[in-house]
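Engineer: please work out how this folds:
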Amino acid sequence: MKCIYGLCAVGLFMMVTSCGIFKHRADDPFYNKRNELRVKSKRGLFPGKHITFGGYQTSRKEKGVDSKIISFKRQRSPFHFSLDGPAGNATSVQATYTDAGDLGATSLPRMFDSLTHAELFYAWIRGGTVNALKNWELILNNPTYQDMIDRREVGVFRSLDESISVHASDRFATGTSSHPLSFEFRLKGVPVAAVRVNGDEKIWMDRQLNEETRFALAGAMAALLMR
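Structural biologist: You can find the predicted model right below:
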């Protein structure tokens, strides 16, 4: 009898586990080889890091930012780099850590209302596609462990007329003590880009996005890998 109960328990465990796996795959059609872009990262003496992924390539990471673009009173670890992409597209990216209070003039989303004294990561991506001059900004709070587990919204990536939410994720955790951090970009609730920033660096981008948005997202994800 104990053997029968044991087999039932094992069977139930396998059923729950397989259902969980199926649900994970069914809910995440975005994460596939078609959308994945292989990341190659080269590190030299600071600030020598530069990366390539898909048809995108950054220059080396350089210290400092253009004060005409980013002039926050408090800045930590500011850096900039250029990004080249398909069809002759090119842009520059400026990034730094700063206090949330310094970003008041940018009309922060409500999620940042309680973060007046928090340190945020800010990146500015100049419109770089051949036929567009739209600029984008990435504003990101440092996610907590619980943010990652719950895949909470921790930031925004936006232009003057478009907004994409950014969510923290530990999607690729293996059940060990290691919880790799990823950021997922969602347009109207649907994942359109994602970047794994520690461990095995990876990038995904929806191939159905227009080239302008893809290029801007490439700049934002490169900044997250560079920081």
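Engineer: buried stuff in stretch 216-227?
Structural biologist: 216-226 (16 or more other C-beta atoms under 10 Å). In short, each C-beta sits where N, CA and C put it, glycine included.
Engineer: that one - what's its average pLDDT?
Structural biologist: Average pLDDT, stretch 216-227: 96.
Engineer: mind saving the C-alpha coords of it as PDB?
Structural biologist: Taking C-alpha atoms only, stretch 216-227 is exported to PDB below (Å, rounded to 0.1, in the frame of the first residue of the first chain):
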ATOM      1  CA  ALA A 216      16.500  52.300 -29.700                       C
ATOM      2  CA  LEU A 217      16.100  49.100 -27.600                       C
ATOM      3  CA  ALA A 218      19.500  47.900 -28.700                       C
ATOM      4  CA  GLY A 219      21.000  51.100 -27.300                       C
ATOM      5  CA  ALA A 220      19.100  50.700 -24.000                       C
ATOM      6  CA  MET A 221      20.100  47.000 -23.600                       C
ATOM      7  CA  ALA A 222      23.700  47.800 -24.500                       C
ATOM      8  CA  ALA A 223      23.800  50.400 -21.800                       C
ATOM      9  CA  LEU A 224      22.500  47.800 -19.200                       C
ATOM     10  CA  LEU A 225      25.300  45.500 -20.300                       C
ATOM     11  CA  MET A 226      27.900  48.200 -20.100                       C
ATOM     12  CA  ARG A 227      27.000  49.600 -16.700                       C
END
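Engineer: and N141, what are its phi and psi?
Structural biologist: phi -90, psi 150 (degrees, to the nearest 10).
Engineer: so what's the residue nearest to the spatial centre of the chain bridging to?
Structural biologist: The chain has F183 as the residue nearest its centroid, 3.7 Å off, counting by C-alpha atoms, centre = their mean. For F183, the beta-bridge partners under DSSP bridges are A168, V195.
Engineer: now do T96
Structural biologist: Here T96, judged by DSSP bridges, has bridge partners Y122.
Engineer: low-confidence ranges in this structure?
Structural biologist: Within the chain, the stretches with pLDDT under 70 are 1-28, 44-48, 104-106, 116, 129-133, 174-178.
Engineer: what are the structural domain limits within it?
Structural biologist: 1-29, 31-226 (automatic domain parsing).
Engineer: ok, L120 - contacts?
Structural biologist: Contact partners of L120, counting by C-beta atoms under 8 Å, 6 or more residues apart in numbering, are 97-100, 103, 112, 139-142, 155.
Engineer: show me which of the residues you listed is closest to A118.
Structural biologist: Distances from A118 to the contacts of L120, taken as C-beta to C-beta, are shortest for A100 (4.9 Å).
Engineer: still on that earlier bit, most neighbours of all the contacts of L120, which one?
Structural biologist: G155 (25 neighbours; other C-beta atoms under 10 Å).
Engineer: that one against L138, yeah?
Structural biologist: Yes. G155 is in contact with L138 according to C-beta atoms under 8 Å; the separation is 6.7 Å.
Engineer: any shared contact partners between the two?
Structural biologist: Common neighbours of G155 and L138 (C-beta under 8 Å, 6+ apart) are 121, 166.
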